[in-house]
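Asker: need a structure here:
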Amino acid sequence: MASTGAISPSSSRRGGNGLRYVAHHERYYLVGGDLFVLIDGVMFKIHSYFFKRESRNFFDDPPPATPSSSAPEVDDRGTCEDRAIQILDVTVQEFEQFLWVFYNPLYSIYDADITAFFSILKLAHRWDFPVVKDFAIRELRRREDEVPLVRRIRLYQEYEVPAEFLVPLYAELCAREWSPTDDEVEELGYEQMYYVMKARETLRSTGGMSPLPSGMTVIETFTTIEDVFGLPKYTKEHGLEDNDANLPAGEI
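Answerer: Modelled structure (predicted):
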């Protein structure tokens, strides 16, 4: 799912509170929208319904400091262009991908490039959209074969996937019979590989290249992985069902 790169060809504007933006987003400046969001000079006008219904803290995200403007007595951020919610550390493409979950037909969402789901998961975790987060994790796990194991670990870390979801990935890496390759060491980094090798040795009685003790399953390595890497406990509740009925999409 590539960025649409879609902004309407309009001149630079400045809102009443001094926020400068370049253009309305061509696809996501919607008739009937009542939530204004400004990202990297692009103004989005979307429906607050999804954000109020699904998110636990989107509206609690701290606004950027604007010393020159006095704070209103009532928090009316996002209600008009002049009071747009300004997000400084999210790209236009990331926000497009996040909105795509809500505004695209269910039958086409699976056409998205898998890397887009890492961005969706990052924002869902940050703003506490539990249904979107669960959906993104399900999709990443369903298509896990599309991304090599060590790259998945790195991307989970880079995009701030909840740490407990690293447990089964590290368990797979530490349980396999062969040691990490040079390329895997370079991608994951020496610090993390130190813990990988430590866990491998802990799980084996005769060194990193030997198989796991007879009868031990990958799931039975989780406790060691959690201890060595200092990760939260991975429980059965993290084994999410593939139930798309909870996907937060619908017609406006």
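Asker: can you map out the helices along the protein?
Answerer: 48-54, 92-103, 114-127, 130-142, 149-158, 167-175, 182-188, 190-203, 222-229 (DSSP state H).
Asker: tell me which strands and helices the first one is in contact with?
Answerer: Contacts of helix 48-54 with other secondary structure elements, assessed using 3 or more C-beta pairs under 8 Å, 6 or more residues apart in numbering; DSSP states H and E, are made with helix 130-142. Every C-beta, even on glycine, is put in place using the N, C-alpha and C of the backbone.
Asker: name the helices or strands packed onto the helix it packs on?
Answerer: helix 48-54, helix 92-103, helix 114-127.
Asker: Next, the buried residues of it.
Answerer: Using 16 or more other C-beta atoms under 10 Å as the test for burial, helix 130-142 gives 132, 133, 134, 135, 136, 137, 138, 139, 140.
Asker: the inter-axis angle of that helix versus helix 149-158?
Answerer: If you take axes from the mean of the first three to the mean of the last three C-alpha atoms, to 10 degrees, helix 130-142 sits at 160 degrees to helix 149-158.
Asker: can you pull the contacts of the spatially closest residue to residue 40 that is not a sequence neighbour?
Answerer: Leaving aside its chain neighbours, residue 40 sits nearest to residue 92 (5.3 Å; criterion: C-beta to C-beta, 6 or more residues apart in numbering). Residues near residue 92 by C-beta atoms under 8 Å, 6 or more residues apart in numbering: 3, 25, 39, 40, 42.
Asker: ok, the fourth one touching residue 94?
Answerer: Looking back up the chat, that one is residue 40. No. Look at residue 40 against residue 94 with C-beta atoms under 8 Å: they stay out of range, at 10.2 Å.
Asker: Settle it for me: which of the two has more neighbours?
Answerer: Ranked by neighbour count (other C-beta atoms under 10 Å), residue 40 and residue 94 place residue 94 first, with 20 against 14.
Asker: coming back round to it: which among the contacts of residue 92 end up buried?
Answerer: The buried subset of the contacts of residue 92 (16+ other C-beta under 10 Å) comprises 25, 39, 42.
Asker: now, which of these sits nearest residue 180?
Answerer: Distance to residue 180, by C-beta to C-beta, is smallest for residue 39 among those, at 37.9 Å.
Asker: Provide a list of residues in contact with that closest one.
Answerer: Contacts of residue 39 (C-beta under 8 Å, 6+ apart): 86, 87, 90, 91, 92, 95.
Asker: how close does the third one get to residue 157?
Answerer: It refers to residue 90. 18 Å (C-beta to C-beta, to the nearest Å).
Asker: Over to the first one?
Answerer: Going from residue 86 to residue 157 by C-beta to C-beta gives 27 Å.
Asker: Compare the two and say which one has the larger neighbour count.
Answerer: residue 86 (19 against 14).
Asker: Quick check: residue 140 vs residue 152, distance?
Answerer: On the measure of C-beta to C-beta, residue 140 and residue 152 end up 8 Å apart.
Asker: Pass me the low-pLDDT residue ranges in the stretch 51-200 of the chain, would you?
Answerer: 61-75, 105-110 (pLDDT under 70).
Asker: For the helices and strands packed on helix 130-142, give me a markdown table that also has distance to residue 233.
Answerer: Listed next are the helices and strands packed on helix 130-142 as a markdown table, based on distance: least, C-beta to C-beta, whole Å:
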| stretch | distance to residue 233 |
| --- | --- |
| helix 48-54 | 26 |
| helix 92-103 | 29 |
| helix 114-127 | 18 |
